[in-house]
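Provided below are the primary sequence and the corresponding predicted coordinates.
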Amino acid sequence: MGKIKNIGKAEIQMLGAELETAIQKAMNKYGLTATYTGGKYGGHTGIFNFKLDVPAMAEKVAQNHARLLGANFGIGYEFVSNGENFKVVDFNLRRHKYPVSADNLRTGKSYKFTVDSINRKIEIVKLFEQSRAKDKVTA
């Protein structure tokens, strides 16, 4: 691609991916992970947002948040809601009503959930598996 004359959505996405790779190389020296979290654009300006994490601490903090919220699941747990597959990516204690962030695995879009809604889905799956196990024993 030649010189950029205007910064739009396509340019932000392309440059964001390129910047994420470059920043991650630099952060590897310090044991950090860099994740591009989006950007804003408007004509001649562009703003890029990155999230830096200490991987070992991020996992411990997420486990602690899950415990505090009473979640029976953790980061990386996959579940189905309204026929779509989701993966839990974060807990946010500041969001009292919807503290669970999960990404749609098909579209990559992020959604918010309550802890209770996902805990209920886990219970339903367990009950379903128990009933299937009983059916196999009786069959």
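Sure thing, it's come through. Owing to the predicted nature of the structure, the values given are computational and were not obtained by experimental measurement.

alpha carbons only for contacts and neighbour counts from here, please
Will do.

so which bits of the helix or strand where Leu68 lies are buried?
Per DSSP states H and E: Leu68 is located in helix 55-69. Across helix 55-69, burial judged by 16 or more other Cα atoms under 10 Å covers 62-63, 65-66, 69.

also stretch 92-107?
Buried, per 16+ other Cα under 10 Å, within stretch 92-107: 98-104.

could I get it in PDB with only the CA atoms?
This file holds the C-alpha atoms of stretch 92-107, laid out as PDB (Å, rounded to 0.1, in the frame of the first residue of the first chain):
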ATOM      1  CA  ASN A  92     -14.900  -6.500  35.300                       C
ATOM      2  CA  LEU A  93     -15.800  -5.900  39.000                       C
ATOM      3  CA  ARG A  94     -16.900  -2.300  38.200                       C
ATOM      4  CA  ARG A  95     -19.800  -3.600  36.100                       C
ATOM      5  CA  HIS A  96     -22.000  -4.900  38.800                       C
ATOM      6  CA  LYS A  97     -24.900  -6.200  36.600                       C
ATOM      7  CA  TYR A  98     -22.900  -7.600  33.700                       C
ATOM      8  CA  PRO A  99     -19.300  -8.300  35.000                       C
ATOM      9  CA  VAL A 100     -18.500 -11.100  32.500                       C
ATOM     10  CA  SER A 101     -17.000 -10.200  29.100                       C
ATOM     11  CA  ALA A 102     -17.200 -12.900  26.400                       C
ATOM     12  CA  ASP A 103     -16.400 -12.900  22.700                       C
ATOM     13  CA  ASN A 104     -18.600 -14.400  20.100                       C
ATOM     14  CA  LEU A 105     -16.400 -17.100  18.500                       C
ATOM     15  CA  ARG A 106     -18.000 -16.700  15.100                       C
ATOM     16  CA  THR A 107     -17.900 -12.900  14.800                       C
END
